[in-house]
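Q: coordinates for the following, if possible.
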Amino acid sequence: MDDVLVTGLGALSPLGAGTGAFWRGMHKADTAPSRVPDPLAHMDHPLMYLVPEADIPDGPEEQDGLPLGRGSRFALAAAREAVADAGLAALPGPSGVPGPEAGPGTGPDATGGGLDPRRVAVALSTGMGDTDLHEGWWTGEAPASGRWAPPFPLASVVGGWFGAQGVNTCVSNACAASGYALSVGADLIRSGEADVVIAGGAEAYSRVALACFNRLGAIDPERCRPFAVERQGTVFGEGAAVLVLESATHARARGARTVYGRLAGAGWSCDAYHATAPEPSGEQIERAMREALREAGAGTGAESGPESGSGGLGFVIPHGTGTELNDVVESRVLDALTPRTPLYSVKALIGHTGGAAGAFAALAASLVLHHRTLPPNVPVGERDPECAVPLPSGSAPMTGAYGLVNAYAFGGNNISLVFGEAAA
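A: Sure thing, here's the model as predicted:
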């Protein structure tokens, strides 16, 4: 079965535009949420990790006559960077040439002519999509066109821009969605349905989502503090993370210039327990982790310890949201399954990006594998004694060849992904 490689990365995050800004922010490890600039955010804790105003895309405002919201514009920005990074070009449209919105992937080093558009797919995710448009309509702030638009157009928007004629699907099973989207993309490649998949997730500020979590009492009044004894909930973040997944055969044939790693394993499960609360024993999240590690052939700390070298697990990017039970359950499973394996918390850095959280974790894992360095964690304060997991405060060289990524969601949806170093 052909390896699924990561050949391009793109990001728009609270750290700024681009994967370079994201990697630098990971090492700086100094972020904080801000008050949302929404006069209608009448709630106890209107806090969020926001994309800097200077980095918010100024368009496009619409595509094919349909207005685009903040989420779609975020997704397009990240997809354009990822496609350009992979050395691909937007495919010719009906006129035979890329359109005016083809983006930076159309430069002299890009390769698009050899791509079969029928074998290029898009698998993107979101929890709230372009809900900002609908929230605007509800409050008398409709976009200039006044035309209705669907709330979840991200995959079709990116697919339409790139010219992808394969599967275009938007996954929306809450906070595990982009993990599932990446797994769907890998399955499309492994099954022979696609050569290239533009995969990831995007999430933007939603007044409704933030208000609902405030009503649930699930927003921390200070910051996102996973595994901290004083944590009081999560804090949302926004942005988009996109990975170009590609079959190893296709990447070799076109001479892909960079390979960040490979998506080596995936495991899905469902708690079948409660609409919002995790199942206390962690049985199903452990099942997902074990399946992903088994598929990847990655050793764990429980089997060989962190000294296992090139064959072992080098790090974990946990789901850990800062909510009480979620962090405890995941910690217990990780302590049993991957003892002493260091964790890197993306959510402590940029908050909980909802439907994009798995994609941001995958982006971080790909960068760690590529640079072979695990950045320092953002300080979260005193650790909860029930969360006995290692959160290194300094950067360190990676000691294993694999990274484990976890993403969980309401409805008991669980996914674990294992990313590995690219084969020499």
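Q: contacts only, for the residue positioned nearest the centre of the chain.
A: In the chain, the residue lying closest to the centroid (Cα atoms, centre = their mean) is A359, at 1.4 Å. Applying Cβ atoms under 8 Å, 6 or more residues apart in numbering to A359 gives the contacts 125, 178-179, 181-182, 199-201, 240-243. (Glycine included, C-beta is placed from N, CA and C.)
Q: ok, those vs R340, which is closest?
A: G179 (24.4 Å; Cβ to Cβ).
Q: need the contact list for that closest one.
A: G179 neighbours (Cβ under 8 Å, 6+ apart): 357-359, 361-362, 405, 407, 415-417.
Q: phi and psi next, for E193.
A: E193 has phi and psi values of phi -80, psi -20 when expressed as degrees, to the nearest 10.
Q: ok, it touching V167?
A: Yes. Contact criterion Cβ atoms under 8 Å: E193 and V167 qualify, at 6.8 Å.
Q: what do the two both touch?
A: When contacts are counted by Cβ under 8 Å, 6+ apart, E193 and V167 have A121 as shared neighbours.
Q: more neighbours: these two, which one.
A: Using other Cβ atoms under 10 Å, the more surrounded residue of E193 and V167 is V167, with 17 against 14.
Q: per-residue pLDDT of the more buried one, please?
A: Looking at V167, its pLDDT stands at 96.
Q: so it versus L115, what's the distance?
A: Applying Cβ to Cβ, to the nearest Å, the value for V167 to L115 is 15 Å.
Q: ok, and the most crowded of the contacts of A359?
A: Compared across these, G201 has the highest neighbour count, 40 neighbours, by other Cβ under 10 Å.
Q: nearest to F74 among the contacts of A359?
A: Checking the contacts of A359 against F74 with Cβ to Cβ, the nearest one is A240 at 3.9 Å.
Q: helix, strand or coil for the closest one?
A: The assignment at A240 comes out as strand when based on DSSP: H, G, I helix; E, B strand; the rest coil.
Q: list the beta-bridge partners for it.
A: L12, A202 (DSSP bridges).
Q: tell me which element L76 is part of?
A: Secondary structure assigned from DSSP states H and E places L76 in helix 70-85.
Q: beyond that helix, next helix or strand please.
A: Counting by DSSP H and E, the next helix or strand C-terminal to helix 70-85 is strand 120-125.
Q: quick check: buried residues in the helix or strand just after that next one?
A: Once the chain leaves strand 120-125, the next helix or strand it forms, by DSSP H and E, is helix 131-138. Judged by neighbour count (16 or more other Cβ atoms under 10 Å), helix 131-138 contains these buried residues: 131-136.
Q: ditto for stretch 238-254
A: Those would be 238-248, 250-251, 254, for stretch 238-254 by 16+ other Cβ under 10 Å.
Q: need the residues you listed in TSV (columns: pLDDT and distance to H42).
A: Shown next, in TSV, are the buried residues of stretch 238-254 (pLDDT from 0 to 100; distance: Cβ to Cβ, whole Å):
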residue	pLDDT	distance to H42
E238	98	20
G239	98	25
A240	98	28
A241	98	31
V242	98	34
L243	98	37
V244	98	41
L245	98	42
E246	98	46
S247	98	50
A248	97	52
H250	97	51
A251	97	50
R254	95	53
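Q: ok, of those residues, which one's closest to V4?
A: Among the buried residues of stretch 238-254, and counting by Cβ to Cβ, the member closest to V4 is L245, at 5.4 Å.
Q: which strands and helices lie in contact with the one helix or strand the closest one maps to?
A: Using DSSP H and E, L245 maps to strand 239-247. On a contact count with 3 or more Cβ pairs under 8 Å, 6 or more residues apart in numbering; DSSP states H and E, strand 239-247 meets strand 4-13, helix 70-85, helix 177-190, strand 196-203, helix 357-371.
Q: how far off centre is the third one?
A: Meaning helix 177-190. 12 Å (Cα atoms, centre = their mean, to the nearest Å).
Q: now do it against helix 357-371, angle only.
A: 60 degrees (axes from the mean of the first three to the mean of the last three Cα atoms, to 10 degrees).
Q: then the first one?
A: Strand 4-13 and helix 357-371 meet at an angle of 110 degrees, taking the same axes, to 10 degrees as the criterion.
Q: quick one: pLDDT of the nearest residue to G261 once chain neighbours are set aside?
A: Of all residues not flanking G261 in the chain, L369 sits nearest, at 4.1 Å (Cβ to Cβ, 6 or more residues apart in numbering). On the pLDDT scale, L369 is placed at 97.
Q: L369 touches L404, doesn't it?
A: No. L369 lies out of contact with L404 (Cβ under 8 Å); the separation is 11.7 Å.
Q: counting neighbours, go ahead and name the busier of these two.
A: Counted by other Cβ under 10 Å, L369 and L404 do not tie: L404 has more neighbours, with 30 against 25.
Q: contact partners for R73?
A: 56-57, 59-60.
Q: measure it to D187 for me?
A: For R73, the distance to D187 - Cβ to Cβ - is 28 Å.
Q: same question, E53
A: 38 Å.
Q: between the two, who's got more neighbours?
A: When E53 and D187 are compared for neighbours, D187 comes out ahead with 15 against 7, by other Cβ under 10 Å.
Q: pLDDT wise, what is the more buried one at?
A: Reading off the model, D187 has pLDDT 98.
Q: just the strands in the stretch 251-400 of the chain please.
A: 261-270, 313-317, 373-374, 396-397 (DSSP state E, counting those that start in this stretch).
Q: out of those strands, which comes closest to G8?
A: strand 261-270 (11.9 Å).
Q: please name the nearest non-neighbouring residue to V329.
A: Closest residue to V329 apart from its sequence neighbours, by Cβ to Cβ, 6+ apart: G282 at 4.5 Å.
Q: hmm, back to that, okay, the strands of the stretch 251-400 of the chain, which one's buried deepest?
A: strand 313-317 (a mean of 28; mean count of other Cβ atoms under 10 Å).
Q: relative to helix 357-371, how tilted is it?
A: Going by the same axes, to 10 degrees, strand 313-317 makes 150 degrees with helix 357-371.
Q: contacts for strand 313-317?
A: So strand 313-317 is contacted by 293, 298-301, 306, 334, 338, 341-346, 361, 364-365, 368, 374, 398-406 (Cβ under 8 Å, 6+ apart).
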